[in-house]
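>>> below are the sequence and a predicted model for it; my questions follow.
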Amino acid sequence: MTGAEVAASGKPAGHREDTILYLDGVSVSFDGFKAINNLSFLLREGEMRAVIGPNGAGKTTMMDIITGKTRPDEGEVFFNGNVDLTRHDEPAIATMGIGRKFQKPTVFEGHTVDDNLALALSGVRSIFASLAHRRTIEEERRIVEILETTRLSHLRHTSAASLSHGQKQWLEIGMLLAQSPKVLLVDEPVAGMTDAETAETARLLRDIARSHSVVVVEHDMGFVRDLGVKVTCLHEGSVLSEGTIDHVSADPKVIEVYLGR
Ligand SMILES: Nc1ncnc2c1ncn2[C@@H]1O[C@H](COP(=O)(O)OP(=O)(O)OP(=O)(O)O)[C@@H](O)[C@H]1O
């Protein structure tokens with residue numbers, strides 16, 4: 001956060017009511033080590049944010065706190081302005097509309113792209129029931145829409161096992177979209193991708209961000225630049241720098257602990 005955005009009280013500027021995610025004064029320790037230290041992080045509804053920072057900065061732990069995997073020792077964590085996430089567990093938070101994509105793709109390799117999306121769309125149904133289920137017009141429309149968004153229309157009937165690494169990542173993003181989340185948390189989406197796939201992923205996420213709030217954790221600075229959104233750099237569990245990519249990447253503190261290494 002820039003100095004201008006921090007009120008005199010040290011509290012983050014902006015009303016909680018205007019946010020989709022609101023973290024303030026959040027701390028968590030593991031065996032006495034403060035992995036998150038008085039962290040404040042605000043995401044407006046419909047905003048996409050890139051989160052960067054060196055290894056161990058607390059990026060994953062911040063996501064764990066938002067999704068209910070880790071409970072903070074202190075601080076406020078709110079979703080949609082008024083839902084106190086510290087009072088809910090992981091499955092409840094996922095159901096509320098916070099979807100998370102981990103770094104490693106976990107698609108069903110033995111099934112087609114289409115089946116994978118149908119499975120994700122059905123949510124609670126068993127694999128067998130889901131594949132035997134006769135699709136509604138609305139389900140078919142959603143699948144076609146997600147295939148287009150994820151650049152996989154031409155691979156609809158291809159086995160997920162034969163997709164490239166990048167296409168598997170896109171399929172998994174599609175499976176997340178099928179659950180209609182309000183917020184997508186995306187962890188290192190372009191790790192291991194080709195340059196062309198990386199560039200396409202920035203476009204894909206920008207498309208998704210037109211109708212969702214998104215937090216993207218990534219180390220690839222070229223990709224972060226392509227996203228064209230506000231950047232938050234974490235260090236030692238707190239916000240070290242926040243603003244445009246040009247502001248953050250020119251910040252001497254960021255250069256010292258992260259970019260200059
Ligand atoms: N369950 C845990 N028990 C003990 N220490 C933990 C636990 N989870 C995270 N940590 C520690 O907290 C710190 C923050 O880790 P975290 O994984 O959030 O960083 P990160 O920014 O995601 O790093 P990376 O870029 O390497 O993924 C690290 O020092 C890590 O070792």
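Structure received.
>>> host element of the nearest residue to Lys230 once chain neighbours are set aside?
Spatial nearest neighbour of Lys230, chain neighbours left out: Arg49 (5.6 Å); criterion: CB to CB, 6 or more residues apart in numbering. All C-beta atoms are positioned from the backbone trio N, CA, C, and that covers glycine. Using DSSP states H and E, Arg49 maps to strand 48-52.
>>> show me what contacts Arg87?
Applying CB atoms under 8 Å, 6 or more residues apart in numbering to Arg87 gives no contacts.
>>> re earlier: please report the number of neighbouring residues for the residue nearest to Lys230.
Number of residues near Arg49 (other CB atoms under 10 Å) recorded here: 21.
>>> backbone dihedrals for the closest residue to the ligand within the stretch 101-250 of the chain, please?
Residue nearest to the ligand within the stretch 101-250 of the chain: Leu234 (6.3 Å; CB to the nearest ligand atom). For Leu234, the backbone dihedrals (degrees, to the nearest 10) come out as phi -100, psi 150.
>>> which strands or helices does the next helix or strand after the strand holding Arg49 pack on?
The helix or strand immediately downstream of strand 48-52 is helix 59-66, counting by DSSP H and E. Contacts defined by 3 or more CB pairs under 8 Å, 6 or more residues apart in numbering; DSSP states H and E place helix 59-66 against strand 19-30, strand 33-44, strand 48-52, strand 74-79, strand 183-187, strand 213-217.
>>> now the first one - C-alpha only, PDB.
Spelled out, it's strand 19-30. Coordinates of each C-alpha in strand 19-30 appear next as PDB, following Å, rounded to 0.1, in the frame of the first residue of the first chain:
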ATOM      1  CA  THR A  19     -14.700  -4.700  -0.800                       C
ATOM      2  CA  ILE A  20     -15.000  -8.300  -1.900                       C
ATOM      3  CA  LEU A  21     -12.000  -9.200   0.300                       C
ATOM      4  CA  TYR A  22     -10.900  -7.200   3.300                       C
ATOM      5  CA  LEU A  23      -8.000  -8.300   5.500                       C
ATOM      6  CA  ASP A  24      -6.900  -5.900   8.300                       C
ATOM      7  CA  GLY A  25      -4.300  -6.400  11.100                       C
ATOM      8  CA  VAL A  26      -4.000 -10.100  10.200                       C
ATOM      9  CA  SER A  27      -1.300 -12.000  11.900                       C
ATOM     10  CA  VAL A  28      -0.500 -15.700  12.100                       C
ATOM     11  CA  SER A  29       2.500 -17.500  13.700                       C
ATOM     12  CA  PHE A  30       3.800 -21.000  13.200                       C
END
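>>> parallel or antiparallel, list what pairs with the strand holding Arg49.
Strand 48-52 sits in its sheet next to strand 213-217 (parallel), strand 231-235 (parallel), going by DSSP bridges.
>>> and the average pLDDT for the last one is what?
Just to be clear, that refers to strand 231-235. The average pLDDT for strand 231-235 rounds to 97.
>>> and the angle for the following helix or strand past it with strand 231-235?
Using DSSP H and E, the helix or strand that follows strand 231-235 in sequence is strand 238-243. Counting by axes from the mean of the first three to the mean of the last three CA atoms, to 10 degrees, strand 238-243 lies at 160 degrees to strand 231-235.
>>> and strand 238-243, what's buried?
238-243 (16 or more other CB atoms under 10 Å).
>>> ok, it near the ligand or not?
No: shown here: strand 238-243 not in contact with the ligand (CB under 6 Å from any ligand atom), separated by at least 11.6 Å.
>>> by how many degrees do that strand and strand 33-44 diverge?
Inter-element angle recorded for strand 238-243 and strand 33-44: 30 degrees (by the same axes, to 10 degrees).
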